[in-house]
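Colleague: With the input below, show me the fold.
(chains A, B, C and D)
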There are 4 protein chains.
Amino acid sequence: MDKSTQYKIFNDPIHGFITIPKGIILDLIDHPYIQRLRRIKQMGLGYLVFPAAEHSRFTHALGAMELAQRTLNNLREKDTTISPAEYEGTLIAVLLHDIGHGPLSHTLEFNLIKDFHHEMMTLAVMRKLNKEMNGALDMAIKIFTDQYPKKPFLNQLISSQLDIDRLDYLKRDSVFTSVYEGSVGIERILKTMRVYKGNIVIEKKGIYAIENYILARRLMYMQVYLHKTVLSADKLLHQIFRRVRMLIDDNEKLYHPSPALKYFLEKRPSAKKGISSTVLQKYLQLDDNDIYQSIKYWQHSNDPILSDLCQRFQSRALFRTTFLEKNPSNNLKGVVREKTKKVLKERNLPYSDEATKYYFSFDKSYSEAYRYENEGIWILEEKDKAVEFSKAADTQNIIALTEPVIKPYVVHLKSIEV
Amino acid sequence: MDKSTQYKIFNDPIHGFITIPKGIILDLIDHPYIQRLRRIKQMGLGYLVFPAAEHSRFTHALGAMELAQRTLNNLREKDTTISPAEYEGTLIAVLLHDIGHGPLSHTLEFNLIKDFHHEMMTLAVMRKLNKEMNGALDMAIKIFTDQYPKKPFLNQLISSQLDIDRLDYLKRDSVFTSVYEGSVGIERILKTMRVYKGNIVIEKKGIYAIENYILARRLMYMQVYLHKTVLSADKLLHQIFRRVRMLIDDNEKLYHPSPALKYFLEKRPSAKKGISSTVLQKYLQLDDNDIYQSIKYWQHSNDPILSDLCQRFQSRALFRTTFLEKNPSNNLKGVVREKTKKVLKERNLPYSDEATKYYFSFDKSYSEAYRYENEGIWILEEKDKAVEFSKAADTQNIIALTEPVIKPYVVHLKSIEV
Amino acid sequence: MDKSTQYKIFNDPIHGFITIPKGIILDLIDHPYIQRLRRIKQMGLGYLVFPAAEHSRFTHALGAMELAQRTLNNLREKDTTISPAEYEGTLIAVLLHDIGHGPLSHTLEFNLIKDFHHEMMTLAVMRKLNKEMNGALDMAIKIFTDQYPKKPFLNQLISSQLDIDRLDYLKRDSVFTSVYEGSVGIERILKTMRVYKGNIVIEKKGIYAIENYILARRLMYMQVYLHKTVLSADKLLHQIFRRVRMLIDDNEKLYHPSPALKYFLEKRPSAKKGISSTVLQKYLQLDDNDIYQSIKYWQHSNDPILSDLCQRFQSRALFRTTFLEKNPSNNLKGVVREKTKKVLKERNLPYSDEATKYYFSFDKSYSEAYRYENEGIWILEEKDKAVEFSKAADTQNIIALTEPVIKPYVVHLKSIEV
Amino acid sequence: MDKSTQYKIFNDPIHGFITIPKGIILDLIDHPYIQRLRRIKQMGLGYLVFPAAEHSRFTHALGAMELAQRTLNNLREKDTTISPAEYEGTLIAVLLHDIGHGPLSHTLEFNLIKDFHHEMMTLAVMRKLNKEMNGALDMAIKIFTDQYPKKPFLNQLISSQLDIDRLDYLKRDSVFTSVYEGSVGIERILKTMRVYKGNIVIEKKGIYAIENYILARRLMYMQVYLHKTVLSADKLLHQIFRRVRMLIDDNEKLYHPSPALKYFLEKRPSAKKGISSTVLQKYLQLDDNDIYQSIKYWQHSNDPILSDLCQRFQSRALFRTTFLEKNPSNNLKGVVREKTKKVLKERNLPYSDEATKYYFSFDKSYSEAYRYENEGIWILEEKDKAVEFSKAADTQNIIALTEPVIKPYVVHLKSIEV
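Modeller: Predicted structure coming up:
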């Protein structure tokens, strides 16, 4: 049979072409649950700093699935047996790996559902889809949950220090943010990947591509994901939702353009005991637009704090982030509070202790480019010897760069000095 | 003074860097009216065919402004005098040239406001901003409206067969759609542009870059802007709004997540006698999200037609476009209607003559890569001789390619043959 | 068996990776006859205008072979049967398709061998290699000479209006010359290529990629291959060799740094009755370096004309090319001769009628972007209907652009006006 | 005056355009001494491993000059005063910084001239050109030799840990070798460069671009410049010339296609007491072609060793490089010698102790990505505080990666195991 008629082909600026096998994969892609990812930006509020970073989780999911195909084809070329069912299962697992994400940033998720873990939600959606599709996702779920001991490398492609998710998003994000230094040589990494004793390893000649990949990841955290202005925009969003919840608790009337969002804000469900079918159904109606529509209309709220915060969001009048040399003292916290109060008063905004809290916050940023304990990247140094990357020749020093970086910071009004 | 501190710099995958002069330009960019363009996609529904074409009118506006700076700097290098006020005015006019666009496609605009022209709306917004900013946009408005006879070339940069708008969007759209053939050599075009007797001309050595630009534009129409599936998605959107208006006319209850959209759908204002301040204010609250939110919730409408059309939209179950060899006969129209009726009946959907109309439509696509009458691109063949591109040496034949292309088509259910 | 160990992989800026099957293909690549192509520039003297166009025929040959692999793999995916022997034969034929090229431009070849055709030489070298390798090239030679009626499409990949040779060199030359407009979407062309009734056809959706390919080829001729300065440099080279031959005929003593070149200049063999084994062996010792070394040392020749021409070559003091509206009249020729004479006299150079001829020449440039008679590109419009490109829908007008372009020109001293 | 007519513009795949100021800069570029760099490859024998790395020192020199213009323009934008003479002087110094390079690798230079330093030769050529041009290079020479204390930053652009030379060659080499990981974000580096107290510094926001630059340089050494096969090819070249010198010392007759090369091989001049005008004049006649022509014809030498080595070179039958864990013991050296002897004997080649030495050698590779003592890169952390890169925040760990890497290795016949 002519294989070329079995695919639908999409263009993609990152990978050139994205090849979609007709059948279950294409059905899944057209499913409203996945189409929903078109309305959730991959980088949350990152576009406020990197204007062109407007790409969605949907294109990332497609891109990752394309890379999964290329990876599996390469592994087959190197004599690793992968059955059609395993092949398809892996593609599905990669395609759906982010299906549980909610609108905007992780921060927001906690404002909607208590004890939220997006892996848990992803699994819930996968199971719902599996039911709809009469078990067609059985294998994908096994691989996703690492319940497929026969071929552990399949799960490693979905979740590890060198998984396909990271390869696609690092490359995609670096292109759309135009942060050149974060770019990754995907082709070379895939070319040097193979299976050794059931696990993914990298051939020795690929060691510099791995080094480059780890350093690129580090740079993306430093320059993009934890960019000061991104941190500050995230905090503003968080404050808006804190305020909204407070107003709801106080029984204030609030216009809600999004029924689904209203549900979460009023009910505040918890995920502690799992995700109920009602919560799941409502959750799958949420996307970035629910948030943006709400903020747009909340600009005109009667509550002066909510209205001010939303107007700031809408006209990019963000707070400022200042990194701190060490953990903030109580004294510093007090000083920031008092200065903030003064400014709010001058501007005729509420300036009680409570009100002031919406205008500054202390937090820590965290990044870790590479974690080698238990789950590192393995290099095939010789025919029968694999070593963890940090122990391979020529790379020992690189490890110094990969230790977690924790930086305390304060987000505050631009008009005050810290 | 250190000029580098007078700019804010953004990254951009298309132009590398976008340099934003602080002061009025930066103020405008942070203004909610322009930030609103972040929530309107440049290519409307194009992302349904080219998944990564998710870029907004906002990044296009920034990119065009960057190109305007490069262009003006080049012209100054070639001894064209451009005063600081003219420079800034041109930048503003380029930045705001699309500010009057409404959500999604042009088709939609007519569903919201009768007798709509987006240039008229753009001018209305510019005037409103000018008032707010105490006349700071006076020069920009003069240039935009071609009321600046001293330097006609400034208006040509904003609106002509080779304006900056086109240069940015052709390049940007070709990158994001990954349609390689539509790419344009902007750098060479800008390098060979100069002013001759007050008008923009291209130096002779740039003639092939112009040829390539015109052909690229032609290809983008053929392959992207008038892609069958894009046409079909546009029609579906149009049918959804036709249905909504009908329901409103019939006094059906309809949930409206967007107050602004509701206003337009219920009032159906006209732009015939200009744009009232109420209409303008409401219009500036509208963006793509109002449309997407409405469609998302209208999936659950009680009206079976509206609900069906919205579900189709949401799960990419689009109609099919078939191009016709000639204008459709009444017979063909009848056949399509009857076949459609039959399918609707089988699916337990309403299938009256009226209902059927939402499921097919006949129309024509139109494209014109280059218009040389009155407004062509001029080539400086010799020191003192400029000729219109189609009359320049080596290019006569190219003109054959630039005649308007008009193609009749029908959009219909996939399950029927045409 | 692990296929990945059966390949050697080279990096390539055009295609990313070049995959070389070990065995006969790798043996051929390391053979001195092919390594010799490393010392012949793909674009001859083009680097005098486009400095970075320094790439060799060797990298082009590797690149074309890589594309051949991708093409054949794609065709196999579309259910075209290609045996391992046919696969390898095609790769070899593509790899060796230019093996018969001599140093620098085609012009030069006629100065070395009378009645030269490089296809004839290519075949002679292939046969010599086949002998050395005990018939391993039998299939390749059959395919190359179109003596393999079973699968005519294999020859079409090597020599047709859309052969792999063109795809690689257009793309490669456009990148190295940085002539953006000449770039070609190879990936899309390969994706839409298939075999229909034994011949290569392009699927309908690839029609714009073909249009773009033909127009890109046209632009490369206009902007690069027939660039005025390239024509002028070619003529200078030709004049140098005309002069050398004249001096040899006159029994002038001349230092020859290259024994092989000396052989050709003194013997002036003819290819009319085929290529003798001596000529072949000497020819395979020639590369660009023989020419450059000779010109470098001939700068110091006692002959004032030769020495002047060589010094011009060495310091880029080229002649000027002027295109003519029509074929030159005898009068024009006389005027140019007299003006040239005057300048030579002023510069104390020989200025006899004979001497003057080395300082100007009249010629015509010729280009043809696409030839559709007998050998056009075929488009598969419907399941069972292929039409030649110029007759396909939407492209009729394009043909106007592909007619041969013939332009008379004169090459002359920069100090005279024509 | 119209500035655009004061430039000649060349295309360049790395920087897009190269702008050449007419006048002395253009005159220099067309001078045979600089045109000679067209015949010397930038990466020596690197093309044997990275086929497309065929670019010349000439295009690198042009590219560096282009970057110098962009850098100086940027610095002027940031209010650093640079006079026209200083501007031109810097451009000339950058353009000529490599003019003293001989053919092929540094290794070869020592085979031609004793006590050679290419900076010394560069200076000699600059002075010769300065004489010819009546002192027009005075300023360039002052800047090049750091005798311009008024503006030390100009010399730093020519020679420092972050000089323009490195920026161009790293980028250029990474593109032509297609080693993605070695790519450098030149634009961002230039954008964040400024002058502080007379010295070049990088603004804080450029710190990650610098980190990336240093790591890219490290990777280029590891993956490209010190690639095993490149080391082995260099050794083979060295052995060829060792053998030739030996034969000359023994008064063996040898055919010399290159008179200039013959001069050096027979005279073996020394640079200890400076460079005589004869040596300089002969040296400027040498380019890669002299070497390649000689090796091509020495394949047919009567000396079996020379002939064998040259045939190996010509058909890429290189030796193998094996890296050693530690410095080689005398025992290892003996073992390698004996094994080599045995193979030579079997192949009927001379296998005396003396002969054997041409077939293996022990050496060390050395690389240093960044040297911070005395000459580091300085980061402007605050308005009035510059710190050396390795002491700046967030980068301490990076230094571990930049220590010199020294690796002993042995080059030997492929048929023996080490």
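
Colleague: tell me which parts of chain A are close to chain C?
Modeller: Within reach of chain C by Cβ under 8 Å from any Cβ of the partner chain, chain A has these residues: A:1-4, A:9, A:16-17, A:74, A:77-79, A:187, A:191, A:194. Backbone N, C-alpha and C define where each C-beta goes, glycine included.

Colleague: Return the subset of those residues lying in strands.
Modeller: Using DSSP state E, A:Ile9, A:Gly16, A:Phe17, A:Arg194 are the members of the residues of chain A next to chain C that sit in strands.

Colleague: between those, which is closest to chain B?
Modeller: A:Gly16 (6.8 Å; Cβ to the nearest Cβ).

Colleague: Can you name the residues that contact the closest one?
Modeller: Each residue near A:Gly16 by Cβ atoms under 8 Å, 6 or more residues apart in numbering or on different chains is listed here: B:Ser178, C:Glu187.

Colleague: hang on, the earlier thing: what's the PyMOL line that selects buried ones from the residues of chain A next to chain C?
Modeller: To isolate the buried members of the residues of chain A next to chain C in PyMOL, using 16 or more other Cβ atoms under 10 Å in any protein chain shown:
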select buried, chain A and resi 4+74+191+194
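
Colleague: of all the residues of chain A next to chain C, which two lie farthest apart?
Modeller: A:Asp2 and A:Arg194 (30.2 Å; Cβ to Cβ).

Colleague: Tell me how many other residues crowd A:Ile18.
Modeller: For A:Ile18, the neighbour count with other Cβ atoms under 10 Å in any protein chain shown is 24.

Colleague: give the contact list for it.
Modeller: Neighbours of A:Ile18 in contact, by Cβ under 8 Å, 6+ apart: A:Ile9, A:Phe10, A:Asn11, A:Asp12, A:Leu62, A:Gly63, A:Met65, A:Glu66, B:Pro51.

Colleague: got the CA positions of stretch A:276-291 in PDB?
Modeller: Output in PDB follows, covering the C-alpha atoms of stretch A:276-291 (Å, rounded to 0.1, in the frame of the first residue of the first chain):
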ATOM      1  CA  SER A 276     -14.300  14.200  39.600                       C
ATOM      2  CA  SER A 277     -16.000  13.900  36.300                       C
ATOM      3  CA  THR A 278     -17.700  17.300  36.800                       C
ATOM      4  CA  VAL A 279     -14.400  19.000  37.500                       C
ATOM      5  CA  LEU A 280     -12.800  17.300  34.500                       C
ATOM      6  CA  GLN A 281     -15.600  18.300  32.200                       C
ATOM      7  CA  LYS A 282     -15.500  22.000  33.400                       C
ATOM      8  CA  TYR A 283     -11.700  22.000  33.200                       C
ATOM      9  CA  LEU A 284     -11.700  21.000  29.600                       C
ATOM     10  CA  GLN A 285     -13.800  24.000  28.800                       C
ATOM     11  CA  LEU A 286     -11.100  26.300  30.100                       C
ATOM     12  CA  ASP A 287      -8.400  28.000  28.000                       C
ATOM     13  CA  ASP A 288      -6.400  31.200  28.000                       C
ATOM     14  CA  ASN A 289      -9.400  33.100  26.500                       C
ATOM     15  CA  ASP A 290     -11.500  32.600  29.600                       C
ATOM     16  CA  ILE A 291      -8.700  34.300  31.600                       C
END
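
Colleague: Can you mark which positions in that stretch are buried?
Modeller: A:Val279, A:Leu280, A:Lys282, A:Tyr283, A:Leu284, A:Gln285, A:Leu286, A:Asp287, A:Asp288, A:Asn289, A:Asp290, A:Ile291.

Colleague: How about stretch A:30-49?
Modeller: A:31, A:33-49.

Colleague: Then stretch A:104-111?
Modeller: Within stretch A:104-111, judged by 16+ other Cβ under 10 Å, the buried ones are A:Leu104, A:Ser105, A:Leu108, A:Glu109, A:Asn111.
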